[in-house]
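Q: output the structure for:
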Amino acid sequence: MLNDLISRNAVALLVLRIALGAIFIYHGVEKILGPNNDWGATWATQLSRQSSEVPPEVIAKLDQWVELQHQRSADKPPDERLMHLDIADRIKSAYAQVAAQGIHTSDTGPGAAHLHAAAQLAVAWGELFGGIALLLGAFTRAAALGMIVIQAGAILLVTGPRGFSYLGGGGYEFNLALIAGCAVLFILGAGHWALDRHLTAWRKKVVAEQAAKTSSQPVTV
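A: As a prediction, this is how the structure comes out:
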């Protein structure tokens with residue numbers, strides 16, 4: 001009975017470690033190798049810039065609409081045609097101005113874009129190495145604690161002001177789920193199938209050998 005319980009716990013912790021590790025590794029690699037991210041030094045800056053731009057597909061759709069209005073106005077009376085084209089050109093001019101200036105919002109909190117390059121590097125590489133550590137089950141509690149800190153920072157700087165729902169505006173529910181998963185690993189450890197088990201056995205062996213050497217040394221008075 002006890003062995004079955006230990007086995008189930010080991011499997012559950014392994015599944016949790018694999019899932020969290022894969023998520024953190026993916027996002028770490030994305031931040032490090034993303035276009036113009038400078039190996040993770042400017043990932044937040046680039047993300048903020050992209051979120052403030054008008055999506056290219058929107059601009060393409062508007063271009064198609066303006067062109068369609070020009071085509072449809074060809075068969076209209078001159079006065080109506082001029083009015084039709086004037087409206088289309090005004091709309092085109094307005095979205096061109098928005099595309100040039102960007103979209104600015106004031107309800108997204110302080111934002112991660114203002115983080116120093118060193119902090120952005122720490123987050124990007126921390127997610128990568130933290131994810132690898134969780135996946136392998138090496139230094140699991142330290143890695144889990146680090147990921148909790150990163151996700152708490154994400155809530156504070158980015159997703160918290162957007163509300164709870166992720167689909168409703170990019171809220172913090174996803175960050176909260178990651179924090180809960182990491183908290184489980186911090187409390188319970190990596191489980192049976194992890195490098196931590198072998199590291200612990202190695203540390204105990206080293207301590208025992210040092211203790212044996214110390215006890216075998218003659219005592220001088």
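
Q: any stretches of this protein with poor pLDDT?
A: Residues of the chain meeting the criterion pLDDT under 70: 1-6, 51-59, 62, 65-66, 69-76, 78-113, 216-221.

Q: which residues of it fall in helices?
A: According to DSSP state H, the chain carries its helices in the segments 2-33, 43-52, 56-72, 78-101, 117-136, 140-154, 173-188, 195-216.

Q: dump those helices into TSV; add distance to Tyr166 and mean neighbour count as well.
A: All C-beta atoms are positioned from the backbone trio N, CA, C, and that covers glycine. Shown next, in TSV, are the helices of the chain (distance: least, C-beta to C-beta, whole Å; neighbours: other C-beta atoms under 10 Å):
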stretch	distance to Tyr166	mean neighbour count
helix 2-33	14	16
helix 43-52	15	18
helix 56-72	22	12
helix 78-101	26	13
helix 117-136	18	20
helix 140-154	12	20
helix 173-188	5	17
helix 195-216	31	11
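
Q: these: which one's closest to Ser165?
A: helix 173-188 (6.3 Å; C-beta to C-beta).

Q: now the angle from the closest one to helix 2-33?
A: 130 degrees (axes from the mean of the first three to the mean of the last three C-alpha atoms, to 10 degrees).

Q: for helix 173-188, packing partners?
A: helix 2-33, helix 140-154 (3 or more C-beta pairs under 8 Å, 6 or more residues apart in numbering; DSSP states H and E).

Q: got JSON lines for those helices, with distance to Pro77 too?
A: Listed next are these as JSON lines, based on distance: least, C-beta to C-beta, whole Å:
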{"stretch": "helix 2-33", "distance to Pro77": "55"}
{"stretch": "helix 140-154", "distance to Pro77": "58"}
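
Q: domains of this protein?
A: Using automatic domain parsing, the domain ranges for the chain come out as 2-51+115-206, 56-101.
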